[in-house]
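>>> Let me see the structure of the following:
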Amino acid sequence: MRRSAVIIALAVVLLGLLAFAWFRSESEYQAKVRHGREMAAGLNAQFLADPRFRQVRALGYGKDSGPLWSEGSFCVTGTVFSSNDLMIVQSLVQSMNPPGKVECKINVVKPPQPVRPVMKSPAATNKPAVKPAIKTVPRKK
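Numbers count the residues shown, from 1 in each chain. Now for the predicted structure:
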């Protein structure tokens with residue numbers, strides 16, 4: 001009888017510790033999500049203010065799957081037009097000290113070139129530039 005009471009008390013204590021650890025890690029995760037959301041809003045406002053970074057967005061803090069004690073990531077995604085702009089974005093995000101590890105999924109592409117209309121020369125189209133005017137004049141007899 002005494003042995004079963006000790007086993008039950010030990011099981012209750014272990015369940016209590018497990019519940020405490022679960023809810024504590026869940027509350028820490030929720031705090032990181034709120035903090036990441038606030039940071040993402042501030043970063044997105046800065047990105048929209050600068051025309052070089054209009055295609056860059058901070059998505060905030062999150063994690064995929066795994067145990068609750070695993071670390072999530074702060075994700076930034078988008079496109080910039082030079083490697084210098086990429087370094088500026090990365091340093092700006094790192095200076096904010098976001099929760100979790102920082103994932104920058106940013107592509108560097110060449111800026112789009114304006115499209116100029118191409119004028120074809122008459123020689124390239126194999127058509128005469130001007131149609132010759134053909135007049136038929138009746139012959140006099």
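>>> Next, K110: secondary structure please.
Assigned with DSSP: H, G, I helix; E, B strand; the rest coil, K110 falls in the coil class.
>>> pretty sure it is touching V80, no?
No. Taking CB atoms under 8 Å as the definition, K110 is not a contact partner of V80, at 11.0 Å. (Each C-beta comes from the backbone N, C-alpha and C, glycine too.)
>>> From the contact counts, what lies against the longest helix seen in the chain?
Scanning the chain for the longest helix, with DSSP state H as the assignment, gives helix 2-49. Secondary-structure packing of helix 2-49 (3 or more CB pairs under 8 Å, 6 or more residues apart in numbering; DSSP states H and E): strand 56-62, strand 73-80, helix 83-95.
>>> quick one, which of those is packed in tightest?
strand 56-62 (a mean of 22; mean count of other CB atoms under 10 Å).
>>> gap between that one and the chain center?
On the basis of CA atoms, centre = their mean, to the nearest Å, strand 56-62 sits 7 Å off its chain's mean C-alpha point.
>>> for stretch 56-66, same thing?
In terms of CA atoms, centre = their mean, the gap separating the centre of stretch 56-66 from the centre of its chain is 10 Å.
>>> Likewise for stretch 96-109?
With CA atoms, centre = their mean as the basis, stretch 96-109 stands 8 Å off its chain's centre.
>>> what's the answer for stretch 91-107, then?
On CA atoms, centre = their mean, the centre of stretch 91-107 falls 11 Å from the chain's centre.
>>> so how far does that stretch reach from one end to the other?
Using CA to CA, to the nearest Å, one end of stretch 91-107 lies 16 Å from the other.
>>> Check stretch 72-89 too.
One end of stretch 72-89 to the other measures 20 Å (CA to CA).
>>> And for that stretch, what's in contact with it?
Stretch 72-89 is contacted by residues 29, 32, 36, 39-40, 43, 47, 52-53, 55-63, 93, 98-111 when judged by CB atoms under 8 Å, 6 or more residues apart in numbering.
>>> What's the PyMOL syntax to select whichever of the residues you listed are buried?
Only the buried entries of the contacts of stretch 72-89 go into this PyMOL selection, using 16 or more other CB atoms under 10 Å:
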select buried, resi 29+32+36+39+40+43+47+53+56+57+58+59+60+61+62+93+98+99+100+102+104+106
